[in-house]
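Colleague: here are the coordinates; sequence isn't available:
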């Protein structure tokens with residue numbers, strides 16, 4: 001076992017946060033999840049990310065309060081969302097142990113982790129892989145994160161702390177993205193090596209059309225873009241609702257620009273979908289006494305501005321051809337590129353794994369795909385997909401609390417953030433694990449804080 005400098009930093013921050021209380025721990029935990037390319041602890045060929053290591057500090061800070069421990073236990077009871085996550089984990093873990101052994105060598109898979117066969121990057125016969133274990137560990141951390149954030153969100157002070165934490169994550173993600181972009185070819189890239197020490201394949205020096213791809217603190221541009229979509233959905237919704245307007249407006253605008261600048265086809269595909277989600281949110285928020293002038297302005301003027309920009313681009317042939325060539329390279333012709341063909345092959349093998357396993361799946365962490373949907377079907381089959389569907393319905397489609405209040409607006413922002421993350425996951429995520437940030441925001445979307453301590457918090461102007 002080896003603890004690199006980023007791991008020592010994580011441990012120091014964790015200890016300081018434990019002494020400072022659960023609010024500081026919640027904010028630090030959300031921020032720590034930005035280090036997606038770092039390993040706080042190295043265990044041979046495997047690594048533990050700072051965010052996953054910090055889950056332990058989050059649990060200690062939360063469960064030290066008896067009332068929060070009770071909320072956490074209640075969150076695991078049926079039919080609450082966490083119960084369906086546990087069902088998915090149990091089924092996927094059992095299938096991950098038995099399926100590769102019972103159906104060994106009866107089908108071909110693209111292995112997610114290392115297998116008994118040489119790593120050629122292609123298909124190998126079905127059998128146990130290292131990720132059968134690691135994915136169970138990651139998904140367990142996801143569930144613990146979800147339950148702890150639900151417990152923290154049971155009070156208004158904890159709910160606000162997690163909200164600020166997600167905003168801090170968005171700022172940190174933006175900071176590392178800009179640092180990676182402006183520091184290309186300088187010593188900055190060497191400094192970023194301290195947070196790019198995980199045993200992954202990094203694509204931090206890739207260039208597209210003469211432009212360096214932005215990866216930030218993540219292994220590759222597509223991951224940075226997909227994560228940034230979650231920040232776009234969360235901060236954009238809070239700006240629409242008039243909550244911390246200036247900060248969230250700034251984070252939303254720059255995060256959107258960085259998604260485009262990342263040169264990721266996943267980001268270019270997902271961003272318009274996320275903006276449509278935000279536009280419909282504006283439609284919901286522009287009426288009534290609690291509506292905002294900003295949302296009304298977006299509803300009225302956004303279509304006009306888009307039409308005018310489209311006309312200007314069409315009329316200027318030079319700009320039109322330049323933009324078309326750029327989007328054709330990254331989006332329209334993506335399916336025929338080498339990476340597009342490879343990712344399409346992953347999904348094809350995943351679909352065949354689903355069919356060959358009679359809809360039961362080949363086990364959590366067994367098969368690599370290039371889409372969250374195919375990952376669900378190939379790894380956990382119909383039962384696991386059903387469990388995730390029930391989690392989605394109970395977490396995001398069940399009405400909670402009072403709308404157009406602070407916590408109601410944050411729940412809406414968290415739901416939109418999760419939807420935007422899923423948009424990116426559908427076209428780029430290789431596993432069933434959607435990441436810690438997704439489960440932080442999903443927990444915010446389900447939490448209903450008591451307002452008994454809200455009077456102790458200084459009033460903050462929320463609506464414009």
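Modeller: Now that the structure is in, tell me what you want to look at. Being a predicted model, the structure only gives us computed values, none of them experimental. Residues are numbered from 1 along each chain as shown.
Colleague: which parts of stretch 277-290 are buried?
Modeller: Neighbour counts over stretch 277-290 (16 or more other Cβ atoms under 10 Å) mark 277-279, 281-282, 284-286 as buried. From N, CA and C alone the C-beta is placed, and that goes for glycine too.
Colleague: Can you pull out the residues in contact with the helix or strand hosting residue 84?
Modeller: Counting by DSSP states H and E, the element that carries residue 84 is helix 81-102. Residues from elsewhere that reach helix 81-102 (Cβ atoms under 8 Å, 6 or more residues apart in numbering): 75-77, 126-129, 132, 135-136, 139-140, 142-143, 146-147, 150, 357, 360-366, 379-381, 383-384, 387-388, 390-391, 394-395, 432, 442, 446.
Colleague: which residues touch residue 282?
Modeller: For residue 282, the contacting residues are 240, 295-296, 298-299, 302, taking Cβ under 8 Å, 6+ apart as the criterion.
Colleague: which element follows the helix or strand that it is a member of toward the C-terminus?
Modeller: Under the criterion of DSSP H and E, residue 282 resides in helix 265-285. Past helix 265-285, further along toward the C-terminus, the next helix or strand under DSSP H and E is helix 293-315.
Colleague: what comes up buried for the helix or strand that that following helix is followed by?
Modeller: Past helix 293-315, further along toward the C-terminus, the next helix or strand under DSSP H and E is helix 317-327. Judged by neighbour count (16+ other Cβ under 10 Å), helix 317-327 contains these buried residues: residue 326.
Colleague: what's helix 317-327 packed up against?
Modeller: With contacts defined as 3 or more Cβ pairs under 8 Å, 6 or more residues apart in numbering; DSSP states H and E, the secondary structure elements packing on helix 317-327 are helix 293-315.
Colleague: residues making contact with the helix it packs on?
Modeller: Contacts to helix 293-315, defined as Cβ under 8 Å, 6+ apart, come from residues 239-242, 245, 279, 281-283, 285-286, 319-320, 323, 464.
Colleague: same deal with stretch 341-350?
Modeller: Under the contact criterion Cβ under 8 Å, 6+ apart, stretch 341-350 has outside partners 108-110, 123, 335, 367-371, 374-375, 377-378, 430.
Colleague: tell me which of the residues you listed is nearest to residue 450?
Modeller: Comparing the contacts of stretch 341-350 against residue 450 with Cβ to Cβ places residue 375 closest, at 37.3 Å.
Colleague: Check the burial of that closest one by counting its neighbours.
Modeller: Residue 375 has 30 neighbouring residues, counting by other Cβ atoms under 10 Å.
Colleague: ok, it touching residue 369?
Modeller: Yes. The criterion here is Cβ atoms under 8 Å, and residue 375 meets it with residue 369 at 4.6 Å.
Colleague: shared neighbours, those two?
Modeller: Contact with both residue 375 and residue 369 is made by residues 350, 430-431, according to Cβ under 8 Å, 6+ apart.
Colleague: Highest neighbour count among those?
Modeller: Each of those was scored for neighbours by other Cβ under 10 Å, and residue 350 scores highest at 27 neighbours.
Colleague: What helix or strand is that one located in?
Modeller: Mapping residue 350 onto the secondary structure by DSSP H and E places it in helix 338-356.
Colleague: State the next helix or strand along the chain beyond that helix.
Modeller: Following helix 338-356 toward the C-terminus (DSSP H and E): helix 372-396.
Colleague: helices and strands around the helix or strand just after that next one, which ones?
Modeller: From helix 372-396 onward toward the C-terminus, using DSSP H and E, the following helix or strand is helix 406-428. Using 3+ Cβ pairs under 8 Å, 6+ apart as the contact criterion, the secondary-structure elements in contact with helix 406-428 are helix 156-182, helix 221-240, helix 265-285, helix 372-396, helix 436-446.
Colleague: where does the chain dip in pLDDT?
Modeller: Across the chain, the stretches falling below the confidence threshold (pLDDT under 70) are 44-45, 287-291, 451-464.
Colleague: Could you name whichever residue is most remote from the centre of it?
Modeller: Relative to the mean C-alpha coordinate of the chain, counting by Cα atoms, centre = their mean, the farthest residue is residue 315 (38.4 Å).
Colleague: before we move on, the earlier item: can you tell me which of the helices and strands packed on helix 406-428 is most buried?
Modeller: Highest mean neighbour count among the helices and strands packed on helix 406-428 (mean count of other Cβ atoms under 10 Å): helix 221-240, with a mean of 29.
Colleague: gap between it and the chain center?
Modeller: Computed by Cα atoms, centre = their mean, to the nearest Å, the chain-centroid distance of helix 221-240 equals 9 Å.
Colleague: what helices or strands is that helix leaning on?
Modeller: For helix 221-240, where contacts count as 3+ Cβ pairs under 8 Å, 6+ apart, the packed elements are helix 156-182, helix 245-261, helix 265-285, helix 293-315, helix 406-428, helix 436-446.
Colleague: Would you mind measuring from the nearest residue to residue 327 once chain neighbours are set aside to residue 73?
Modeller: Once its chain neighbours are removed from consideration, residue 327 has its nearest residue in residue 268; the separation is 6.8 Å (Cβ to Cβ, 6 or more residues apart in numbering). Here the criterion is Cβ to Cβ, to the nearest Å. By it, residue 268 lies 43 Å from residue 73.
Colleague: And for residue 186?
Modeller: The separation that residue 186 has from residue 73, given Cβ to Cβ, amounts to 51 Å.
Colleague: Compare the two (neighbour count), which wins?
Modeller: Counted by other Cβ under 10 Å, residue 186 and residue 73 do not tie: residue 73 has more neighbours, with 12 against 9.
Colleague: Shouldn't that one be within a strand?
Modeller: No. Assigned with DSSP: H, G, I helix; E, B strand; the rest coil, residue 73 falls outside any strand and is helix.
Colleague: Dump the shared contacts of residue 375 and residue 369 into CSV; add distance to residue 4 as well.
Modeller: Shown next, in CSV, are the shared contacts of residue 375 and residue 369 (distance: Cβ to Cβ, whole Å):
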residue, distance to residue 4
350, 34
430, 25
431, 24
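Colleague: What is the nearest of these to residue 29?
Modeller: Taking these together and measuring to residue 29 by Cβ to Cβ, the closest member is residue 431, at 21.4 Å.
Colleague: Tell me who's in contact with that closest one.
Modeller: Going by Cβ under 8 Å, 6+ apart, residue 431 touches 112, 131, 135, 365, 368-369, 375, 379.
Colleague: can you do 10 Å?
Modeller: Contact partners of residue 431, counting by Cβ atoms under 10 Å, 6 or more residues apart in numbering, are 112, 131, 134-135, 138-139, 364-365, 367-369, 372, 375-376, 379, 425.
Colleague: Next, give phi and psi for it.
Modeller: Dihedral pair for residue 431: phi -130, psi 180, per degrees, to the nearest 10.
Colleague: re the thing from before, the residue farthest from the centre of the chain and residue 304: what is the separation?
Modeller: For residue 315, the distance to residue 304 (Cβ to Cβ) stands at 17 Å.
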